[in-house]
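Trainee: just a sequence and a predicted model for now, questions to come.
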Amino acid sequence: MRESDIRLGPNAVLAVIDMQRLFAEKTAWFVPTANDILPNVLRLARHRPDRVLFTRFMTPARPEDAPGAWAAFYRRWPSVTLDRLDAGMLDLVPALAALVPPGELCDKTTFSSFASGPLAASIERRGADTLILAGAETDQCVLATALSAVDRGYRVVIANDAVTSQSLPAHRAMLETVFPRMAPLVRVAATDAILEGWG
């Protein structure tokens with residue numbers, strides 16, 4: 001099937017993963033290309049604004065407040081815990097924050113957006129059969145969310161020009177090698193093709 005043959009139908013939902021100030025501004029988790037993908041993320045979100053779920057990666061107050069091995073993770077990244085970070089850095093970037101509502105916030109504390117927070121229930125409530133993914137980071141939270149969605153039986157479409165990562169080699173590996181191996185459960189397509197196929 002050609003990329004241009006994507007047909008998403010009315011039951012698709014867009015999940016915009018972690019497009020927050022935390023990743024778009026100069027922090028320890030800064031993703032230099034986050035602002036580069038923002039125009040395509042906005043195009044997708046504005047297409048069906050009532051079917052957009054925005055996840056936010058919420059960090060703990062202190063490393064020791066995180067469960068299990070996450071405590072060690074945050075000891076590696078102490079500057080992103082809320083005892084040191086301005087809580088406003090966890091907000092969506094302003095252009096996307098303006099789309100809530102009708103878009104819905106789905107806060108989480110894990111890489112997979114399904115493992116914590118309301119995303120799973122929000123998708124189910126909308127009767128979705130397809131999950132379009134955009135945002136950051138391709139090799140971490142986007143990947144983990146895609147795998148969880150597949151395991152739940154959703155068709156997944158990755159917007160290849162609306163995802164990015166701090167590690168561009170890892171980003172390219174996901175788009176060129178990892179996600180294609182999951183076809184037809186996972187498709188990789190450009191924003192133009194997704195918009196054309198999303199009725």
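Mentor: Sure, I can see it. Numbers count the residues shown, from 1 in each chain.
Trainee: mind listing what the longest strand anywhere in the chain pairs with, with the direction of each?
Mentor: Assignment by DSSP state E gives strand 155-164 as the longest strand of the chain. Applying DSSP bridges, strand 155-164 is found paired with strand 130-136 (parallel), strand 186-189 (parallel).
Trainee: nearest to residue 160, out of the ones you listed?
Mentor: strand 186-189 (5.0 Å; Cβ to Cβ). Backbone N, C-alpha and C define where each C-beta goes, glycine included.
Trainee: identify each buried residue in the closest one, please.
Mentor: Applying a neighbour-count criterion of 16 or more other Cβ atoms under 10 Å, one finds 186, 187, 188, 189 buried in strand 186-189.
Trainee: that one - what's its average pLDDT?
Mentor: Over the span of strand 186-189, the pLDDT mean works out to 97.
Trainee: what's the next secondary structure element after that strand?
Mentor: Note on strand 186-189: by DSSP states H and E, the next helix or strand toward the C-terminus is helix 191-197.
Trainee: give me the contact list for that next one.
Mentor: Residues from elsewhere that reach helix 191-197 (Cβ atoms under 8 Å, 6 or more residues apart in numbering): 3-8, 40, 43-44, 47, 132, 157, 159, 161-162.
Trainee: among those, who's most crowded?
Mentor: In terms of neighbours by other Cβ atoms under 10 Å, the contacts of helix 191-197 top out with residue 132 at 29 neighbours.
Trainee: so where's this structure shaky on pLDDT?
Mentor: Scanning the chain with the threshold set as pLDDT under 70 gives 1-5.
Trainee: quick one, what contacts the most far-flung residue of it relative to its centre?
Mentor: Taking Cα atoms, centre = their mean as the measure, the residue most remote from the mean C-alpha position of the chain is residue 64, 26.1 Å away. Counting by Cβ under 8 Å, 6+ apart, residue 64 touches residue 71.
Trainee: gap between it and residue 71?
Mentor: Going from residue 64 to residue 71 by Cβ to Cβ, to the nearest Å gives 6 Å.
Trainee: again with residue 113
Mentor: With Cβ to Cβ as the criterion, residue 113 and residue 71 are 21 Å apart.
Trainee: doesn't residue 29 make contact with residue 77?
Mentor: Yes - between residue 77 and residue 29 there is a contact at 7.1 Å, judged by Cβ atoms under 8 Å.
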